[in-house]
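Colleague: Generate coordinates for the sequence data below:
(chains A, B, C and D)
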Number of protein chains: 2
Amino acid sequence: MSQTVDRALSILPLLAQGPADLGQVAERLGVHKSTALRLLRTLHEHGLVYRQEDQRYRLGARLFALAQEAVENLDVREIAHSHLVALNEQCGHTVHLAVYEENEVLYIDKVESRYPVRMYSRIGKPVAITVAAVAKLLLADLTEPERRAIAERLDYPMYTSRSVPNAGAFLKELAVVREQGWATDLGGHEESINCVGAPIRGADGRVVAAMSVSAPNVVVTAEELLTLLPLVRRTADTISREYSGTTPTKKA
Amino acid sequence: MSQTVDRALSILPLLAQGPADLGQVAERLGVHKSTALRLLRTLHEHGLVYRQEDQRYRLGARLFALAQEAVENLDVREIAHSHLVALNEQCGHTVHLAVYEENEVLYIDKVESRYPVRMYSRIGKPVAITVAAVAKLLLADLTEPERRAIAERLDYPMYTSRSVPNAGAFLKELAVVREQGWATDLGGHEESINCVGAPIRGADGRVVAAMSVSAPNVVVTAEELLTLLPLVRRTADTISREYSGTTPTKKA
DNA sequence: ATGGTCGTTGCAGAGAATGCAACGATGACG
DNA sequence: CGTCATCGTTGCATTCTCTGCAACGACCAT
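Modeller: Take a look at the predicted model:
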């Protein structure tokens, strides 16, 4: 909509691939050097790009600050966190919380065995959207055409022999998940790791987030992990109720 | 430099404080609603803002992707990481790596006792720049006028009774650190936690990063922690050499 | 039913961004 | 040591884009 802003923002993913100098930016943007310079300067003033000693530009620190604050302000995360911790204390396994946004599935919280850690390590990386239990839960709630559109657009990497192989199988899996109200990932991402997850719903019944418990085979078998399902679902439902209760438009 | 881009980017920190609707954005930006709308649309197309169901805008997922890729591309981090892990295995304590950028000190890697965790949890939060060992190391390398300018601009929160209280004390501390080539934080941030750190230098001798080892009082006393200093310095020097050796302008 | 709020769109004017060309700094090479 | 090439930077005139306005439509509450 705004050409200038559009160009400026296009610089960011470009620099995400690695540092670049003015000429490279101008070329890849298809504009004159002086134009690129002014755009970069503006980005620089806002801290989104940084100029290293060799005069090349790279992404700046403010991006971290923004990403950090962004995740802090997610209502679901705030409400869910204490419940995730409690669940972790009961079962001892890793607990994940994820949301869906614009064709991406995003981990927004994680509780590790020993102490809580906000886990951003996977954020931005290609999430195993075709196999992760939370991804299935989030996608299963979309409308049928949406699901189909996404399923066809995805790649289906065979992380293991049990990974979901193609769009057909994925849609079938989503239908199952949608029906039963919970999901698993039995060695589909990493051979020895199983997950079981449940959806968190808003007041209107739509899935706003998904949570899962993960554990390696060596600790508990897949069957044993499945015995946790009632607990996981109960936790998810508790969070759902609490989330639905609060007026979403509370903050100023 | 570019008014349009400037306005658009000003929206991001604004949304970082929490979701806002079109009217609020327009008002706080001092522009007409239609203008704000177009800016938001452009940001939206690039995934930097997300529109939630109640039509309010908040920061988008792409920010995470960018922040993630940004940190992945830091040469120092890549080179240092394996050394940090090795150090961690030797001493068992938490190891941090940080850089300085535009008046901010930024953790870019962390190795926890049991397994490596990229630690973004502190990123974006007000880093304890006045007390952290790594912060002292990074700031100590700046020129005298720079140091003074920053020292005066900072706040000096008294996290504990041993926190650096004011600009004068801070500058004095920086001088010491600059002289001796290493730094400590003895309970200055959290009463029971001590740190000892050393600088990582580039080929020109300038400090490009800083690393530290942290441990709680209950595990080792401050004195015991200080016995690790030679090891920490040796590790930092090793990283420095390796970093200096590689041609910084290697990547395309 | 009605008034109010909020998001959205088309349009004409105005202002900002663009590309050009020239300058200066830096470094490579003969 | 001098020359040439490369890259970042700046001032300026032109042009195109962005802006603000006003009107419309959707939605909600009263």
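
Colleague: Helix or strand: which one has the residue sitting furthest away from the middle of chain A?
Modeller: Here the centre of chain A is the reference, and by CA atoms, centre = their mean the most remote residue is A:S34, at 37.4 Å. Using DSSP states H and E, A:S34 sits in helix A:33-45.

Colleague: what does chain A have sitting close to DNA strand D?
Modeller: A:1-6, A:21-23, A:33-34, A:37, A:55-56 (CB under 7 Å from any atom of the strand). C-beta here means a position set from N, CA and C on the backbone, and glycine is covered the same way.

Colleague: quick one: which of these is most hemmed in?
Modeller: A:V5 (26 neighbours; other CB atoms under 10 Å in any protein chain shown).

Colleague: Mind pulling up the pLDDT for that residue?
Modeller: For A:V5, the model assigns a pLDDT of 95.

Colleague: so who does it touch?
Modeller: The neighbours of A:V5, taking CB atoms under 8 Å, 6 or more residues apart in numbering or on different chains as the test, are B:T4, B:V5, B:A8, B:L39, B:T42, B:L43.

Colleague: Next, count neighbours for the third one.
Modeller: Which is B:A8. There are 28 residues near B:A8, going by other CB under 10 Å.

Colleague: Strictly from the record, what residue spans define the domains of chain A?
Modeller: Taking automatic domain parsing as the criterion, chain A consists of the domains A:3-65, A:74-245.

Colleague: quick revisit: just checking, what packs against the helix or strand following the helix holding A:S34?
Modeller: Per DSSP H and E, the first helix or strand lying C-terminal to helix A:33-45 is strand A:49-51. In terms of contacts (3 or more CB pairs under 8 Å, 6 or more residues apart in numbering or on different chains; DSSP states H and E), strand A:49-51 is packed against helix A:3-16, helix A:33-45, strand A:57-59.

Colleague: If we use 6 Å, what do you get?
Modeller: Using 3 or more CB pairs under 6 Å, 6 or more residues apart in numbering or on different chains; DSSP states H and E as the contact test, the elements touching strand A:49-51 are strand A:57-59.

Colleague: For the strand it packs on, what does the pLDDT average out to?
Modeller: 93.

Colleague: And the next helix or strand past it?
Modeller: helix A:62-72.

Colleague: what does that following helix rub up against?
Modeller: A:47-48, A:108, B:12, B:16, B:59, B:63-64, B:66-67, B:70, B:123-124 (CB atoms under 6 Å, 6 or more residues apart in numbering or on different chains).

Colleague: Equivalent analysis for stretch A:211-225, please.
Modeller: Outside stretch A:211-225, the residues that reach it (CB under 6 Å, 6+ apart) are A:93-97, A:133-134, A:186, A:192-197, A:228, A:232, A:236.

Colleague: How about stretch A:195-202?
Modeller: A:133-134, A:137, A:182-185, A:207-214, A:225, A:229, A:232-233, A:236, A:239-240, A:244.

Colleague: Pull out the buried members of those residues.
Modeller: A:133-134, A:137, A:182-185, A:207-214, A:225, A:232-233, A:236, A:239-240 (16 or more other CB atoms under 10 Å in any protein chain shown).

Colleague: Looking at the backbone only, give me phi and psi for A:D21.
Modeller: phi -90, psi 180 (degrees, to the nearest 10).

Colleague: if we can go back for a sec, the helix holding A:S34 packs against which elements?
Modeller: Using 3+ CB pairs under 6 Å, 6+ apart: helix A:33-45 touches helix A:22-29.

Colleague: just checking, what packs against the helix it packs on?
Modeller: helix A:33-45.

Colleague: For A:V76, which non-adjacent residue is closest in space?
Modeller: A:A209 (4.6 Å; CB to CB, 6 or more residues apart in numbering or on different chains).

Colleague: where does the stretch 151-252 of chain A have low pLDDT?
Modeller: Within the stretch 151-252 of chain A, the segments meeting pLDDT under 70 span A:246-252.

Colleague: Next, the contact list for the spatially most central residue of chain A, please.
Modeller: Nearest to the mean C-alpha position of chain A, by CA atoms, centre = their mean, lies A:L106 at 0.5 Å. Neighbouring residues of A:L106 by CB under 6 Å, 6+ apart: A:V99, B:A61.

Colleague: Next, the angle helix A:62-72 makes with the strand or helix carrying it.
Modeller: Using DSSP H and E, A:L106 sits in strand A:104-111. Interaxial angle, strand A:104-111 versus helix A:62-72 (axes from the mean of the first three to the mean of the last three CA atoms, to 10 degrees): 70 degrees.

Colleague: so for strand A:104-111, what's the average pLDDT?
Modeller: 86.

Colleague: What's opposite the residue nearest to the centre of chain A in the beta bridge?
Modeller: Counting by DSSP bridges, A:L106 is bridged to A:V99.

Colleague: again with the one 4 residues further on
Modeller: With DSSP bridges applied, the residues forming beta bridges to A:K110 are A:H96.

Colleague: Wait, it touches A:A98, no?
Modeller: No - counting by CB atoms under 6 Å, A:K110 does not reach A:A98; the two are 9.4 Å apart.

Colleague: More neighbours: which of the two?
Modeller: Between A:K110 and A:A98, counted using other CB under 10 Å, the more crowded position is A:A98 (27 against 20).

Colleague: That one and DNA strand C, how far apart?
Modeller: According to CB to the nearest atom of the strand, to the nearest Å, A:A98 stands 27 Å off from DNA strand C.
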